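Asks: Here's my sequence, what's the structure:
(2 chains)
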Amino acid sequence: MVNQNMISGKLFKNITLCSVVMLIIAAAFIGIGCVDNEDTTTEDVTTEDVAEEATVSGEISVTGSTTVLPLSTLEAEAFMDEYPDAIITVKGGGSGVGIAALLDGTTEIAQASRSIKDSEVDEAQSNGINPVEHAIAWDGIAVVVNPENPVTEITFEDLKGIYTGTITNWAEVGGEDAEISVVGRDSSSGTYEYFKEEVLGDDVEFTENALALSDNGLVKESVVGNTQAIGYIGYAYLDENVKALALDAAGDGTLVEATPEMITSGEYPLARQLYYYTNGEPTGLAKEYIDYVFSATGQDVVSESGYFPVN
Amino acid sequence: MLTRNLKEKGIESLLFASGAVAVIALILLCIFLFKEGVLLFKDYSIINFLTDTRWLPTAKEPQFGLLPLLLGSFVVTVGAILFSVPLGLAAAIYISEIADPRFANIMKPVAEILAGIPSVVYGFFGLVVLVPIVQKTLQLPTGQTALTGSIILGIMALPTIISISEDAISSVPRSIKEGSLALGSTQWQTIYKVTFPAALSGISAAVMLGIGRAIGETMTVMMVSGNSAIIPGFPSGLFTSVRTMTATIALEMGEVPQGSDHFHALFAIGSVLFITTFIINIIANYIKRRYRFNL
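Replies: Purely as a prediction, here's the structure:
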């Protein structure tokens, strides 16, 4: 009797374990379904330059901004599909890390979502390095609110008020009577620095009440789930779950919407370029790769990844 | 005979070396952490670090105030403990003393599986499910609050607390419990007056390890508690967004220029975190020893 009990107990435990494992697997799949995948349509590689294949080989690395990272990853994949002998390693870390790596000589190409700082140029010169800038794409920062929020436009002055904490209620900027939940990025983000420079100005700090989230997707998620929230995200992350506000930079009533045309023309006040930096004019594989990024195929990849082609 | 001795000695020293690796790793880690952290105080006074109320690492005049981050960690951890200790202990008592053994055999492994879920999954769940619920039910401007972090951390600490205190409770000798029952006490009186005090050292260890888990957790709190570096009140701070020490390091380490004050400040925070967990471990050991023979 005892024995039987033990056996059935064991059996029971096994069944339980199995069902728990199944449950977890099911939950994992549900999780995958929930994640709002960024559009990662596979790149269509043209094979017109097959003849060149033999000459392009070697290994380089591209390091830096996490804003440029997804773009570089797609570019590098497309490039390596075309030239199987070439190896391009793409690493993140942030714009500052990328430029520091270029100055140390540990990377061939630095990717940055801001232009190089004067202090970094000085340091480069003392290291005997001559950073050359290549603007590879346009990006726009969209200021987003929940679609249920009636506010559709905002001046830079009000935006500054909200992000420095002097404006705390939506009623002050034409919305409903509700406290504003200010969502921003962490201080290591290039987007944070860019937004601070453009909207707040040099010496002004963000309000301490602003949430500091570690990535564009999390900022968007916060705004999707909260009708009182305001946030800023890269254009690539914009979709119908959030509403981008039209911006009035000068305060003279000229509203500019975050549209591809306005961003590539530079009229949109929060439009910026994304850069590659090399030491001197690029040579060898780095040159082939950067030429590829500027080619029609490479610029198609730019459009596919949610950024905008230069030219 | 000699070769045999040599072999014996050889194996012995090999084992010693393996054991020493952990200790050496700890010592090296400490040295590195403190060495980098102390460099901050060349340019920034330690008094300011401990008493400044603002954390503005990238401002023109940077301020590296530890207080908002230390208190942020404190509020989130206390919240998590308030939530997980009663729940975890109740579950442990139920599993070891009251539940049908067949049901207990299901419950314990299930609770332990909670520990195997990656923290980023907890964070994502918290962000998508719990954050909107907290915001709507409490009518807050944002649901990314210390409370949200505490609830998720509490769930994450549950398996540690349940599993270790269950072990402690079930290892209380049967004779003691039977003695109590034989004297006419009810099952609840036995649990409350006899079993529980007898298992107290193990339970305290469980609670302390739960605290350790909560205070060191990074990814989850970073995702759900909003990371505003403001000094939280208690308990009102539970309903505002807070930033913990771990989240600060994780958020800012990526882009900090190596060798800058900001870089050293992050190591100084790391040192504080290390000292905090070290003190918690010492307390845990002390409690364990103190109650060991107190049956």
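
Asks: so where do the helices sit in the stretch 1-150 of chain B?
Replies: Residue ranges of the helices in the stretch 1-150 of chain B, as given by DSSP state H, counting those that start in this stretch, are B:2-38, B:40-43, B:46-51, B:67-93, B:101-113, B:119-125, B:131-138, B:146-170.

Asks: Dump the ones you listed to a markdown table, plus mean neighbour count and mean pLDDT.
Replies: C-betas here are computed from N, CA, C, even on glycine. What follows is the helices of the stretch 1-150 of chain B, written out as a markdown table (neighbours: other CB atoms under 10 Å in any protein chain shown; pLDDT from 0 to 100):
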| stretch | mean neighbour count | mean pLDDT |
| --- | --- | --- |
| helix B:2-38 | 11 | 91 |
| helix B:40-43 | 15 | 90 |
| helix B:46-51 | 13 | 91 |
| helix B:67-93 | 22 | 93 |
| helix B:101-113 | 16 | 88 |
| helix B:119-125 | 18 | 92 |
| helix B:131-138 | 16 | 90 |
| helix B:146-170 | 25 | 92 |
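
Asks: Could you save the ones you listed as a markdown table and add columns showing distance to chain A?
Replies: Conversion of those to a markdown table gives the following (distance: least, CB to the nearest CB, whole Å):
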| stretch | distance to chain A |
| --- | --- |
| helix B:2-38 | 17 |
| helix B:40-43 | 17 |
| helix B:46-51 | 17 |
| helix B:67-93 | 8 |
| helix B:101-113 | 5 |
| helix B:119-125 | 7 |
| helix B:131-138 | 4 |
| helix B:146-170 | 12 |
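
Asks: Show me chain A divided up by domain.
Replies: The record's domain split for chain A, according to automatic domain parsing, is A:50-138+A:273-309, A:140-264.

Asks: Just confirm yes or no for the shortest one near chain B.
Replies: Yes: remark: domain A:140-264 sits within contact range of chain B at A:178-181, A:183, A:186-190, A:193, A:202-203, A:205, A:208-214, A:218, A:221-222, A:225-226, A:228-229, by CB under 8 Å from any CB of the partner chain.

Asks: From those residues, keep the buried residues only.
Replies: Burial by neighbour count, 16 or more other CB atoms under 10 Å in any protein chain shown: within the residues of domain A:140-264 next to chain B this picks out A:180-181, A:183, A:186-190, A:193, A:205, A:208-214, A:218, A:221-222, A:225-226, A:228-229.

Asks: rewinding a little: just send the domains of chain A back as JSON lines, with mean pLDDT too.
Replies: Written out in JSON lines, the entries for the domains of chain A read as follows (pLDDT from 0 to 100):
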{"stretch": "domain A:50-138+A:273-309", "mean pLDDT": "88"}
{"stretch": "domain A:140-264", "mean pLDDT": "90"}
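
Asks: out of those domains, nearest to B:Gly202?
Replies: Comparison of the domains of chain A against B:Gly202 by CB to CB identifies domain A:140-264 as nearest, at 37.5 Å.

Asks: nearest to B:Leu40, of the domains of chain A?
Replies: Ranking the domains of chain A by proximity to B:Leu40 (CB to CB) places domain A:140-264 first, at 16.7 Å.

Asks: and B:Ile269, backbone torsions?
Replies: With angles defined as degrees, to the nearest 10, B:Ile269 shows backbone torsions of phi -60, psi -40.

Asks: just A:Ile129 next, same as before
Replies: Note on A:Ile129: backbone dihedrals following degrees, to the nearest 10 are phi -120, psi 140.
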